[in-house]
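Colleague: A structural model of the following input is requested.
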Amino acid sequence: MESIGVVIPTFRARQQILAVLGAIGPEVSRIYVVDDCCPDRSGDYVLQHCQDRRLCVIKHDENRGVGGAVITGYQAAIADNMKVIVKIDSDGQMDPALLLDFAMPILQGEADYTKGNRFFDLERISEMPRLRLIGNAALSLMTKLSTGYWNLFDPTNGYTAIHADVAARLPFHKISKRYFFESDMLFRLNTFRAVVVDVPMDAKYGDEQSNLKISKIIGEFFLKHLINTGKRIFYNYYLRDMSLASIELPVGLVLLGFGLTYGGLHWVSSAKAGVATPAGTVMLAAAPALVGLQLILAFLSYDINAVPKRPLSSRSFARRQSPR
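Modeller: Numbers count the residues shown, from 1 in each chain. You can find the predicted model right below:
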C-alpha cells in the first residue's frame, strides 16, 4: 500500500477530535493535526491524550482559516513523501472508515483529486438541514460554472483526497484560506486539467456546531465564483487554447444583450405611447436574442463535454514539474 497521510485541521472541536483520531485505521501512514490557533488548545489536548505514533501536531501562532490549516498539512505531508493526502474535519461529521474510498481512485490512477458527495443517496438527503440543502444546491450550480467540473456536486464538502504530486503543483499563496477554500481548490485544479471525481458518502449530524453558515457566506461566494468564472473562461478559451466555443460565447452574449436591450427600450417606448410595438421591431429584437441564446447554450454544451477525463498522474505531469 502506498503511503497515505491524513490532514485534520482543528478549531473548537476538542470534544470530537479524539474519537476521530481513534477511528483512523492502519492503512494511514501519518496523521497531521493542524491546530489553527484554537482557543481550546486542541493541539496540546491531542498531544496529552493521544499516543498514536503516526501523529504529528502542528500549531499555528495565528488563525489562518480552514484553508490555511489544510495547506499547512499538505506541505507537511509533501515533505514526508506521502503519496496521497486525505483531509477530514475534526468535528466528527466525516467517517474515517471511508478513507480508502477516497484514496483508492487516486492510487489506482483514476483521479487526481476526490471529494465527498452527500447527495448520492436520496433517502439520506432528508436528514440534511433544509437551509444547508438549499444552500449547497445553489453553491453547486455556481461551482460548476466557475470550476468547469460539471460532473461534481456538493462543493463545500471538506472530505477530500489529493495526489501529493498534484498538491505540490498548487499555488498555495493564491488559494483562498477561508471557507471558499474547497471551491477555489477546484478552480485551481481545473487550470491544469486535473481529474476530479465525487465519492458517495453519508453525512453525520450530531451535537457539533458547524462554523460554516451558508446564509452568511453565499453573497461572498457568489462574487468569488463570478470572478473565477471569468478567469477560467479567459484562461481555457482564449489564453491556453481557442476553439469554436471561443467565438460562440462573446457573439452569443452580444446578440442576446442587443436583442434584450433593443426590445426592452422599444417596449417601454410603445407602452408609454399607448401603441402596439410593430411586428418588425419585435422580430428585430427577438431574432438576435434567440440566436444569441442558442450560441450561449452551444458554448455551455462544449464546456460540459470538456470536463477533464485523463488523470495528470497517467501523463506523468506532476512528476515532470517542480513545486512553485
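
Colleague: any idea how many residues pack against residue 235?
Modeller: Using other CB atoms under 10 Å, residue 235 has 13 neighbouring residues. Heads up, the C-betas are built off the backbone N, CA and C, glycines and all.

Colleague: next, it: secondary structure please.
Modeller: Following DSSP: H, G, I helix; E, B strand; the rest coil, we place residue 235 in the helix state.

Colleague: repeat that for residue 8.
Modeller: Of the three states, residue 8 takes strand under three-state DSSP.

Colleague: what about it, distance to residue 140?
Modeller: 25 Å (CB to CB, to the nearest Å).

Colleague: who has more neighbours out of those two?
Modeller: Higher neighbour count among residue 8 and residue 140: residue 8, with 29 against 18, using other CB under 10 Å.

Colleague: hey, what's the more buried one bridged with?
Modeller: residue 33 (DSSP bridges).

Colleague: mind listing what it touches?
Modeller: 17, 20, 21, 31, 32, 33, 34, 73, 87, 88, 89, 90 (CB atoms under 8 Å, 6 or more residues apart in numbering).

Colleague: what's the burial count for the last one?
Modeller: Using other CB under 10 Å, residue 90 is surrounded by 29 other residues.

Colleague: that one and residue 26, how far apart?
Modeller: From residue 90 to residue 26 the distance is 20 Å (CB to CB).

Colleague: what do you get for the second one?
Modeller: Between residue 20 and residue 26 the computed distance is 16 Å (CB to CB).

Colleague: give me the more crowded residue out of those two.
Modeller: residue 20 (23 against 7).

Colleague: is it true that that one lies in a helix?
Modeller: Yes - assigned with three-state DSSP, residue 20 falls within a helix.

Colleague: from the contacts of residue 8, which is closest to residue 146?
Modeller: residue 87 (20.7 Å; CB to CB).

Colleague: that closest one touches residue 181, doesn't it?
Modeller: No - Residue 87 lies out of contact with residue 181 (CB atoms under 8 Å); the separation is 9.9 Å.

Colleague: which residues are in contact with both of the two?
Modeller: Residues touching both residue 87 and residue 181 (CB under 8 Å, 6+ apart): residue 70.

Colleague: neighbour count winner among those two?
Modeller: Using other CB under 10 Å as the criterion, residue 87 and residue 181 rank with residue 87 on top: 28 against 22.

Colleague: residues in contact with the more buried one?
Modeller: Here residue 87 is in contact with 6, 7, 8, 9, 70, 73, 158, 159, 160, 161, 162 (CB under 8 Å, 6+ apart).

Colleague: dig out what it forms beta bridges with.
Modeller: Bridge pairing for residue 87 - DSSP bridges - gives residue 7, residue 160.

Colleague: give me the mean pLDDT for stretch 194-202.
Modeller: Averaged over stretch 194-202, pLDDT sits at 93.

Colleague: using CSV, write down the CA coordinates of it.
Modeller: Provided in CSV are the C-alpha atoms of stretch 194-202 (Å, rounded to 0.1, in the frame of the first residue of the first chain):
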residue,chain,number,x,y,z
ALA,A,194,-6.7,17.6,-13.1
VAL,A,195,-9.3,14.9,-13.0
VAL,A,196,-11.7,15.2,-10.0
VAL,A,197,-14.4,12.6,-9.0
ASP,A,198,-17.1,12.5,-6.4
VAL,A,199,-17.2,9.8,-3.7
PRO,A,200,-20.6,8.9,-2.3
MET,A,201,-20.8,9.4,1.4
ASP,A,202,-23.3,9.9,4.2
